[in-house]
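Undergrad: Here is the input, now give the coordinates:
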Amino acid sequence: MKTKDLLLDAFDRIRQAVAATLDGVDAAEAGRRPAGNGNSIAWLIWHLGRVEDAQLASAAGLEQVWTSEGFAARFDLPLAQRDTGYGHSSDQVDAVQAAPELLLAYYDAVHRQTVGFLKTLGDDDLDRIVDTRWDPPVSLGVRLVSSLADCLQHVGQAAYVKGLNTAERRD
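TA: Down below sits the predicted model:
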């Protein structure tokens, strides 16, 4: 297996997990926060999309899907346009309300851009430095693994919240 194929498979798994998590969820359930202060499904899926979008667009030299495809306007969140969710307060988490269909449409658009970029990569590309603000500077390979780890954690958290919501409905 080539490195590119491994990365494509890994990012495809995020897409599959996002779709499975959002399947059967309505807008009210997407916005429900566990214990009233945990992260909602909507916030988690929005955030992981924003993380992948921002990090990979920067590394690829592309505009973020959030702005290039009009998702910032479609979501119409009371947040800065470049906000990705890092360090959000409870009020900011509450502000991220979106229909599951919109969340999936955004993630699918991000995923398409990610796949397009990954298909262009060769193994030597992974050593390219994409962020010099860190010591040591961050290579493309490290950025991709970091994005994968973050997105997989957040989609797993969203699936867990979906399970909590289902259990609450049964009780």
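
Undergrad: so where do the helices sit in this protein?
TA: In the chain, the segments counted as helices under DSSP state H are 3-22, 27-31, 41-60, 65-68, 71-75, 90-95, 100-118, 140-170.

Undergrad: Show me which residues of the second one are buried.
TA: Read that as helix 27-31. Glu29, Ala30, Gly31 (16 or more other C-beta atoms under 10 Å). For glycine as for every other residue, the C-beta is placed from the backbone atoms N, C-alpha and C.

Undergrad: Distance of the second one relative to Asn37?
TA: Going from Ala30 to Asn37 by C-beta to C-beta, to the nearest Å gives 16 Å.

Undergrad: With the last one instead?
TA: In this structure, Gly31 and Asn37 are 13 Å apart, going by C-beta to C-beta.

Undergrad: The lowest-mean-pLDDT helix or strand in the chain vs helix 100-118, what angle?
TA: Across the helices and strands of the chain, mean confidence by mean pLDDT, DSSP states H and E is lowest for helix 140-170: a mean of 93. With axes from the mean of the first three to the mean of the last three C-alpha atoms, to 10 degrees defining the directions, helix 140-170 sits at 160 degrees from helix 100-118.

Undergrad: Now do the contacts for the nearest residue to Gln157 once chain neighbours are set aside.
TA: Take Gln157 and drop its neighbours on the chain: the residue closest to it by C-beta to C-beta, 6 or more residues apart in numbering is Leu44, 5.4 Å away. Applying C-beta atoms under 8 Å, 6 or more residues apart in numbering to Leu44 gives the contacts His154, Val155, Gln157, Ala158, Val161.

Undergrad: between those residues, which is closest to Val18?
TA: Distance to Val18 across the contacts of Leu44 (C-beta to C-beta) is lowest for Val155, with 5.6 Å.

Undergrad: Cross-check the contact I'm expecting between the closest one and Val18.
TA: Yes. Contact status for Val155 versus Val18: in contact at 5.6 Å, counting by C-beta atoms under 8 Å.

Undergrad: any common contacting residues for those two?
TA: Both Val155 and Val18 are contacted by Ile45, Leu48, under the criterion C-beta under 8 Å, 6+ apart.

Undergrad: Identify the residues contacting Arg15.
TA: Contacts of Arg15 (C-beta under 8 Å, 6+ apart): Tyr107, Asp108, His111.

Undergrad: By neighbour count, which of the residues you listed wins?
TA: Ranked by the number of neighbours (other C-beta atoms under 10 Å), those place Tyr107 first, at 27 neighbours.

Undergrad: For that one, give me its contacts.
TA: Tyr107 makes contact with Arg15, Val18, Ile45, Leu48, Gly49, according to C-beta under 8 Å, 6+ apart.
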